[in-house]
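Enquirer: Here is my input; please provide its structure:
(one chain, ligands or ions: 1)
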Amino acid sequence: MNSFEAITIFENVIDRRKAPSVKWNTMEQVFGVDDASDILPMWIADMDFAAPKVVIDAMQECLDHGVFGYSYLDETCKDAVRLWLENRHAWYTQNDWMVLHHGVVPAIASVIETFTTKEDSILITTPIYPPFFQLPNRMQRTLVECVLTEEEGNYSIDFVEFEKALQQNVKLFLLCNPHNPGGIVWTEKELKKIIELCARYDVLILSDEIHADLVFPEYKHIALAAIAGEEAKRIITCVAPTKTFNLAGVQAAFLISPDANIREQLEQDRLVHGQMGINRLSPFAASALKAAYKEGYPWLLKLLEILSLNMDYVIQELTEKVEGIKIKKPHATYLLWIDYRDTGLTEEKVMKKLLDKGRLALEPGSKYGEAGKGFLRMNVACAPSLVKDGVQRFITALS
Ligand SMILES: Cc1ncc(COP(=O)(O)O)c(C=O)c1O
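Expert: Predicted structure coming up:
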């Protein structure tokens, strides 16, 4: 991709209000406002950029075929996933380790359903992506929470607390790797400690690696299972091209496990859902996934550059112009985790100011659990002109 193409792709503002976009067209319901037609959405995690051209072309080819009958995941799709994981993350998997799902959230639900009962506990580290606590709650599992330690915007796991938490009848640990929110790329030392402790207490690990490709070049994503040796048998990893290439609505994800027994149980759960007509693969998903993993890398490199520049801009402007705002640049993702605790404002007040005065929609931190209070999550995956607009709205709201 030359720089001219990159500029047109990532600077282009697409009118997403024309499409049924959750991000742009459901703010009245989500934020409880009467009219959101002039509110700028920088909340839910999808990007305002068009998907890579190679992906659009592949989907167009599928469209031109004209027949959209039942589809399935063939070996060429699995080859594309396997080669991507090898080339990008030095993780050597096999095609038959992959169990297809239409999304990471339903895949997590399937793991909870398959490997835990209502008598079991599930461990999470907070603040965390809401389905990590919503799913266990809804499925009537006991939730055990290990609050992450935060110091000057840096998050880490207190392993003394983590070990204590593991002793509370925990059967499954839900790891977010990289972590949303906060964009944390865990170090090898941290990941090895997680593996060691989970092995000691015989706890299964679900490693959600949906953000793995959105890691800035200064950091390195480590696939948990790739460094686990023998213990990889207790790790089920979620991977998906949907966050990376902005294909959330297209729906495709994988659970990966090297353990045949685990896979067999996951396949059984899939079969039950299949019999209910749930969890079928759209032919568009198969085409998009294959094209993204085979040919999407140059687009991804450019995307990461733009995201990094967008983040630098927001951090510079907001920390300089709004008193009490602190932002640590994340290692990964397109989500900024804005600390407003020093403004002394409550979440209710901040949200009201942002929505009423700034006409800006951000995610309130409490959505990520109690530990998220005092923070806002801002999605900067949009054209730089929209980012500038968002920054101005934030300044107007809070000054
Ligand atoms: C950590 C994490 N997992 C899963 C998802 C959503 O996955 P899916 O749309 O495939 O269900 C998100 C979306 O933001 C996420 O941040």
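
Enquirer: contacts and neighbour counts: CA atoms only from here.
Expert: Fine.

Enquirer: for the ligand, what are the nearby residues on the chain?
Expert: Residues of the chain lying near the ligand by Cα under 6 Å from any ligand atom: 45, 103-105, 129, 176, 180, 210, 248.

Enquirer: Narrow those residues to those in helices?
Expert: By the criterion of DSSP state H, membership of these in helices covers 104-105.

Enquirer: How about residues contacting the strand or helix carrying residue 132?
Expert: Per DSSP states H and E, residue 132 falls inside helix 131-138. Under the contact criterion Cα atoms under 8 Å, 6 or more residues apart in numbering, helix 131-138 has outside partners 105, 109, 112, 122, 124, 142-143, 174.

Enquirer: and the residues of the chain next to the ligand as JSON lines, adding neighbour count?
Expert: Listed next are the residues of the chain next to the ligand as JSON lines, based on neighbours: other Cα atoms under 10 Å:
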{"residue": "45", "neighbour count": "19"}
{"residue": "103", "neighbour count": "22"}
{"residue": "104", "neighbour count": "23"}
{"residue": "105", "neighbour count": "15"}
{"residue": "129", "neighbour count": "16"}
{"residue": "176", "neighbour count": "25"}
{"residue": "180", "neighbour count": "24"}
{"residue": "210", "neighbour count": "25"}
{"residue": "248", "neighbour count": "18"}
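
Enquirer: Sort out which residues of the helix holding residue 132 are buried, please.
Expert: Of the residues in helix 131-138, 132-133, 135-136 count as buried by neighbour count, 16 or more other Cα atoms under 10 Å.

Enquirer: how about it as PDB, C-alpha atoms only?
Expert: Taking C-alpha atoms only, helix 131-138 is exported to PDB below (Å, rounded to 0.1, in the frame of the first residue of the first chain):
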ATOM      1  CA  PRO A 131     -19.100  -9.700  29.100                       C
ATOM      2  CA  PHE A 132     -16.300 -11.200  31.300                       C
ATOM      3  CA  PHE A 133     -18.600 -10.500  34.300                       C
ATOM      4  CA  GLN A 134     -21.900 -10.400  32.500                       C
ATOM      5  CA  LEU A 135     -21.700 -13.900  31.100                       C
ATOM      6  CA  PRO A 136     -20.700 -15.700  34.400                       C
ATOM      7  CA  ASN A 137     -23.400 -13.700  36.200                       C
ATOM      8  CA  ARG A 138     -26.100 -14.500  33.700                       C
END
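
Enquirer: averaged over its residues, what pLDDT does that helix have?
Expert: For helix 131-138, mean pLDDT is 98.

Enquirer: where's that helix relative to the chain centroid, distance-wise?
Expert: How far helix 131-138 lies from its chain's middle: 16 Å, per Cα atoms, centre = their mean, to the nearest Å.

Enquirer: coming back round to it: just the buried residues of helix 131-138 now: which is nearest residue 116?
Expert: Taking Cα to Cα as the measure, residue 116 sits nearest to residue 136 out of the buried residues of helix 131-138, at 9.9 Å.

Enquirer: Would you mind measuring from that closest one to residue 117?
Expert: Distance of residue 136 to residue 117, computed by Cα to Cα, to the nearest Å: 10 Å.

Enquirer: Give the bridge partners for residue 175, please.
Expert: residue 207 (DSSP bridges).

Enquirer: Please enumerate residues in contact with the helix or strand where residue 145 lies?
Expert: Assigned by DSSP H and E, residue 145 belongs to strand 142-147. For strand 142-147, the surrounding residues in contact (Cα under 8 Å, 6+ apart) are 118-127, 133, 136-137, 157, 161-162, 165, 168, 170, 371.

Enquirer: please redo it, this time with the cut-off set to 7 Å
Expert: Residues from elsewhere that reach strand 142-147, judged by Cα atoms under 7 Å, 6 or more residues apart in numbering: 120-127, 136, 161-162, 165, 371.

Enquirer: Mark which of these are part of helices, please.
Expert: Those of the contacts of strand 142-147 lying in helices (DSSP H): 136, 161-162, 165.

Enquirer: Can you list the residue ranges for helices in the chain?
Expert: All helices of the chain, identified by DSSP H, fall at 3-11, 22-25, 27-31, 53-65, 75-89, 104-115, 131-138, 159-166, 188-200, 260-275, 283-295, 297-321, 347-352, 384-398.

Enquirer: List the buried residues in stretch 151-167.
Expert: Within stretch 151-167, the residues scored as buried using 16+ other Cα under 10 Å are 153, 155-157, 162-163, 165-166.

Enquirer: right, and the pair among the residues of the chain next to the ligand with maximum separation?
Expert: By the measure Cα to Cα, 176 and 248 form the most distant pair in the residues of the chain next to the ligand, at 17.7 Å.

Enquirer: Now list the buried members of the contacts of helix 131-138.
Expert: 109, 112, 122, 124, 142-143, 174.

Enquirer: quick revisit: with respect to the ligand, which of the contacts of helix 131-138 is nearest?
Expert: Checking the contacts of helix 131-138 against the ligand with Cα to the nearest ligand atom, the nearest one is residue 105 at 3.8 Å.

Enquirer: ok, the closest one - contacts?
Expert: Applying Cα under 7 Å, 6+ apart to residue 105 gives the contacts residue 131.

Enquirer: hmm, 10 Å instead?
Expert: Shown in contact with residue 105 (Cα atoms under 10 Å, 6 or more residues apart in numbering): 131-132, 135, 208, 238, 253.

Enquirer: Which two among these are spaced furthest apart?
Expert: Among the contacts of residue 105, 135 and 253 lie farthest apart (Cα to Cα), at 17.5 Å.

Enquirer: these two touch, right, residue 76 and residue 95?
Expert: Yes. Between residue 76 and residue 95 there is a contact at 9.5 Å, judged by Cα atoms under 10 Å.

Enquirer: Could you report the distance from residue 365 to the ligand?
Expert: Residue 365 is 14 Å from the ligand, where distance means Cα to the nearest ligand atom, to the nearest Å.

Enquirer: What about that residue, how many residues nearby?
Expert: Using other Cα atoms under 10 Å, residue 365 has 22 neighbouring residues.

Enquirer: before we move on, what about residue 339?
Expert: For residue 339, the count of nearby residues is 22 (other Cα under 10 Å).
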